[in-house]
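Asks: Quick one: sequence and predicted model below, then my questions.
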Amino acid sequence: MVDFAEINYVAVLIATVTTMVLGFLWYSPVLLGNAWMKHRNLSKNEISGGGAMTYVLTALTALGGSFILALLLTLSDESTIWTGLVIGLLIGISVSLKIGMNYLFEGHKLGLYLITIGYHLISYAIAGLIIGCMQ
């Protein structure tokens, strides 16, 4: 049974911030931003960081994902770093497979798909590790 009292809300917030930081780095020139722009046929001049509302909504989606991950961890017998990692990876794989359906019908390149799902897989794995060891 889902138990909201078992959720470590501080861990959820830390996982949310970590997800946001990873996204910033992932899609920046530091990591895969240049490759992402190339696959999207965009130049640096064509990209804007989005307005304030974009960041608010992005933070809310990251918070929602971290919260659901924490909620799922309450269903396990014990919440450990290992269960957090496994459940985080399973969520990441599930999200990645569903994104794949869109990429197939939209005709996107494999490289763009791998950049996108790589972010989700790693961010959910890290969030799972954080929540699993703190919950």
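Replies: Yep, that arrived.
Asks: And the pLDDT for residue 56?
Replies: On pLDDT, residue 56 comes in at 95.
Asks: What helix or strand is it located in?
Replies: helix 52-73 (DSSP states H and E).
Asks: show me where the protein has strands.
Replies: Counting by DSSP state E, the chain yields no residue ranges for strands.
Asks: mind listing what residue 88 touches?
Replies: Contacts of residue 88 were listed using C-beta atoms under 8 Å, 6 or more residues apart in numbering, and they are 69, 124, 125, 126, 127, 128, 129, 131, 132. The way it works is simple: take the backbone N, C-alpha and C, and place the C-beta from them, glycine included.
Asks: what's stretch 120-135 in contact with?
Replies: Stretch 120-135 is contacted from outside by 6-8, 10-12, 14-16, 18-19, 22-23, 26, 62, 65-66, 69-70, 73-74, 79-89, 91-93, 95-96, 99, using C-beta under 8 Å, 6+ apart.
Asks: Let's see that with 6 Å instead.
Replies: Stretch 120-135 is contacted from outside by 8, 11, 14-15, 18-19, 22, 66, 69-70, 73, 79-81, 83-85, 87-89, 91-92, 95-96, using C-beta atoms under 6 Å, 6 or more residues apart in numbering.
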